[in-house]
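Asker: structure, please.
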Amino acid sequence: MFPRDILGAARSVMRAGGRNSGFARTYTKSNTPVPVEILAQAKAKEPQTDALPKFLEAYTSHQRVGSLIKEAHTGKLVDEWKKVLDEAEKKPELVDIAPSLSSFMAVKDEDEVVSNLRNHIRIRDAEQSQKAVRTAANLTSTLLAHHVAVKLETILDREAKISHEAFATQIEARLGYGEGNTAKGPDMKVWSKGRGLNDVDWASTEFCYSPIIQSQSTSTGYDLRSSAESSPDDMAHKGVLLVALGMRYKGYCANLGRSFIVDPSKEQEAIYSLLSSLQAELLTVLKDGTTARDVYLHALAYVKEKKPELEKHFVKSIGHGMGMEFRDSAYLLSAKNGRKLRNGMVFNLTLGFQELEENGKKYALHLVDTIQLAGEKAVCLTYGVKSVKDTMFFLNQDMDEDKSSKPTKKAPATKVAANGSSPAKHKTAGGKVLRNKTRSAAHEEMLHSTVAKITEHQRELHQKLQSEGLAKYSEGGGGLGGKEGKTWKRFQSYKGEAGLPREVESMRIFVDRKAQTIILPIHGYAVPFHINTIKNVSKNDEGEFTYLRVNFQTPGQLAGKKEDTPFEDPDATFIRSLTYRSVDGHRFDAVSKQITDLKKEVNKREQQKKEMADVIEQDILVEVKGRRPTKLPEVFIRPALDGKRLPGEVEIHQNGLRYQSPMGSQKIDILFSNVKHLFFQPCDHELLVIIHVHLKAPIMIGKKKAHDVQFYREASDVQFDETGNRKRKYRYGDEDEIELEQQERKRRQMVNKEFKQFSEKIAEAATASTGDTLEVDIPFRELSFEGVPIRQNVRLQPTTECLVHLSDPPFLVVTLADIEIASLERVQFGLKQFDMVLIFKDFTKTPLHINSIPSSQLDDVKNWLDSVDIPLAEGPVNLNWGPIMKTINDDPYEFFQGGGWTFLGGTANEESEAEDQSDSESEFEAEGEESASSESEEEESDYNDGSDASEDEGSASDFDEVSEGDDWDELERKAARADKKRIETGKGHESEDSDRPKKKVAPKAKTNGKSKGKA
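Answerer: Modelled structure (predicted):
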């Protein structure tokens, strides 16, 4: 209401005011559910009216009146009202309606309950409020991921001396600081990295509170309340660091909090993992109709079940409602609140443990996010820097001990440090070495720490894989191959004798294409056989007769497809074949051809049916009404549509995407509910900029089924004049080329920006439509490697959730969560390539072979697989995975009982660790074994690659291996002395030294260099 208004509500609504009475009278003309009466207050120089006495009469006629008791009202009209009310003889009882209004306004859904009143009372638009909350959450998440976490890592790396308060002030400065000419705007280096922040109104953006930074040096101790403050004490570089951020956009709040731990103990890691799993659990509990009390009690029961000793340290409240108020006390998630939660409500979910103790020091841990109730599962609006790898920093103790053993030589280096910090410490964060003195020491430490961590991590992953396999396939669970329900199919050609065609009366062989049946005469009877019961037919001529043999499908055939299919009656007798003789050879030729063609036709039809079995028929696309849909113009689609190749446009609607061909003649709809992954691949180092949609179930595009749909645009502009123009008369040299390159870069940047913004809008629309978070996945080109997954050599690029190849068809999208284990094959010293086999958790799926990966990228592939928690193993030869998977599918429980995947030989890192600890004997043994099998292995590689490039590499590998052998021999000359006999008898070395006399092989290590010098 306005400053000169009073609003009262009962059976009628009365409103007193002056200037705004005309505006208010519009409500009297509307068909409102509550009748409205306007009482106009006189202006300052006009005679008094009876508006206020009438309002007082209506007010005092009630026994109870609802009011915002805690709100303080001021103004001239309020003073007059208080004076009149004090003189009244009867006063109604005042009841606080703040909780009711809070419940009414808490839902921030597009279909919120206030929609019926929106035409009569100017209440905030729900869609705008929802967008504002989402923007506030994106702002908070971007600030955490791209500034706070990076800055904190730098502080720990340099052991910088900075107070909690100063760090909080630096964080606040990212929104700008200063006044007048010295004012600085928002730090766009940070905000430009966030998603959906391109059109932010920075004047409407502010912090809900000053960022809270706490460490073990905080004098007041750890405080998990949002009212805590950053102290002026210097930040500690060890122990637990707590960070809390809250931002407000257009009045709507978002909040998050994270715990960072330096050199954590196993107990601290376990507690933090418990917080992460508890949050994931509560997201499934927070849904429409659940009470706040039930949510808290469920969280408490979860903690009591997992770690009972932490129950007394658990927070008393796990969150509160959030919106325009940062903390809505009416919706506290505590044990005493019985209010029901509704879809669309936004909560600040604050999980934590306090008063914990480690080595005699108190600490606390928390995990805070802004979430929204949506359907069957709540959605996290804030995101990022949540996993153990992002929040744990480790201190490398090995280097400290090495440094302490040399006090005299390292003493001067300590004085050089300008900031007073000791350079003797080497920290690693997320597996990275942060601080080192020399490059060589950094490299050695990185290699040592990385190999050790991968080895330990892989051991844990294999143990977890084995235990999960035993638990999943319990005894008696049976196999996965589908053999239990596999039986002989029954086919009915005709319902009775009346259904037989008339041609059977002639008692000749007849092929009924309509019924897919072959009718054979047997002892004067016409006996029908369905085409699926027939295996094949054969015809041969002997003398004047022609013989036609019909072979049937029977169990027990060694080469038959149904040899493993059981039959209902084990004592049944089967006819393998029937043979007919005739002097009419042309007749049998025609019959044989008809049967063969019908068999091919049925097989082809069954194959097509099997291929189309997983194709789904999508629901109807709900188009956007009342406004134009968001569009991306001038894009091509793959798979391509029929007709001439012309660019079309992509539209975002309520529940999906629509691609429209240029003339509108063809369209393709993709529903958000069928989208599994969404990728954006920029045109950096590529010819195309791509938005790629990977579907949960394939759809039909034209006459083909498609698992992937791709929208792309060519990044380079080929329409320019190379023949010369007016500029060329006055410009010489490379000016034109430089200008064209600059224009090309700008064009690529603009196209990247346009496609990225559109992909983010797709993700937002899909999240709002389905309730499940869909994020845009961008390939990491720096982690890419080459391989042959499907016929040709391509660049494979990991993303956050997948391994993809999107540049050209056939596309490859492998979801990392579906992978059981990765087997690296043909890993031998001297080979230029190795293969990788990805076995899926669904054992019925055929393993994916990626062949001919360069051996130079072996370590990169191992590090990537380990970083995404995929167990890996390696071996020197290729395995035949067909029989292996069949054995596993027959009885998975027996497979895991027998050791599971240990038959692959353990993790690759365990083998490399054993090689590091062994002497040179094993190294030369490996070389000898490799040389013996190099030729056959390279031939096998050529066969598997299927590409000309890989074949060329294979054919040249013999010469390369010899030169590599010489280099290895030179480097390991001293280590070979103790094993001369083994070197002499090794096949690889015999081939290399075959031109030398045998008696000179033994002292080769000493005389080789000298003899070359004399020559």
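Asker: in this protein, which residue is closest to the centre?
Answerer: In the chain, the centroid-proximal residue (C-alpha atoms, centre = their mean) is residue 801; its distance is 3.4 Å.
Asker: residue 818 is in contact with that one, correct?
Answerer: No: taking C-beta atoms under 8 Å as the definition, residue 801 is not a contact partner of residue 818, at 10.2 Å. Bear in mind the C-beta positions are built from the backbone N, C-alpha and C, glycine included.
Asker: hmm, residue 757 and residue 632 touching each other?
Answerer: No: contact criterion C-beta under 8 Å: residue 632 and residue 757 do not qualify, at 9.2 Å.
Asker: of the two, which one has the most company?
Answerer: A count of neighbours by other C-beta atoms under 10 Å puts residue 632 above the other of residue 632 and residue 757, at 22 against 17.
Asker: can you tell me the element that one falls in?
Answerer: strand 630-638 (DSSP states H and E).
Asker: please save the CA atoms from that strand in PDB.
Answerer: Provided in PDB are the C-alpha atoms of strand 630-638 (Å, rounded to 0.1, in the frame of the first residue of the first chain):
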ATOM      1  CA  THR A 630      13.900 -18.100 -27.800                       C
ATOM      2  CA  LYS A 631      15.500 -19.000 -31.100                       C
ATOM      3  CA  LEU A 632      18.900 -19.800 -32.500                       C
ATOM      4  CA  PRO A 633      19.000 -19.000 -36.300                       C
ATOM      5  CA  GLU A 634      21.200 -20.200 -39.100                       C
ATOM      6  CA  VAL A 635      22.000 -23.600 -37.800                       C
ATOM      7  CA  PHE A 636      22.300 -27.000 -39.500                       C
ATOM      8  CA  ILE A 637      21.200 -30.300 -38.000                       C
ATOM      9  CA  ARG A 638      22.700 -33.700 -37.900                       C
END
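Asker: tilt between whichever helix or strand comes after it and strand 630-638?
Answerer: Tracing the chain C-terminally past strand 630-638 and defining elements by DSSP H and E, one meets strand 648-652 next. Angle between the axes of strand 648-652 and strand 630-638 is 130 degrees (criterion: axes from the mean of the first three to the mean of the last three C-alpha atoms, to 10 degrees).
Asker: strand 648-652 - what's its average pLDDT?
Answerer: Average pLDDT, strand 648-652: 93.
Asker: elements contacting that strand?
Answerer: strand 630-638, strand 656-660, helix 735-770 (3 or more C-beta pairs under 8 Å, 6 or more residues apart in numbering; DSSP states H and E).
Asker: turn these into CSV, columns for distance to residue 196 and mean pLDDT.
Answerer: Shown next, in CSV, are those (distance: least, C-beta to C-beta, whole Å; pLDDT from 0 to 100):
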stretch, distance to residue 196, mean pLDDT
strand 630-638, 13, 93
strand 656-660, 18, 93
helix 735-770, 5, 88
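Asker: quick one: closest of those to residue 92.
Answerer: Smallest distance to residue 92 across these (C-beta to C-beta): 44.3 Å, for helix 735-770.
Asker: and that closest one, what's buried?
Answerer: If you call a residue buried by 16 or more other C-beta atoms under 10 Å, then helix 735-770 has these buried ones: 736, 748, 751-752, 755-770.
Asker: next one: stretch 288-308
Answerer: Within stretch 288-308, the residues scored as buried using 16+ other C-beta under 10 Å are 290, 292, 293, 294, 295, 296, 298, 299, 300, 302, 303, 307.
Asker: thanks a lot, see you next time.
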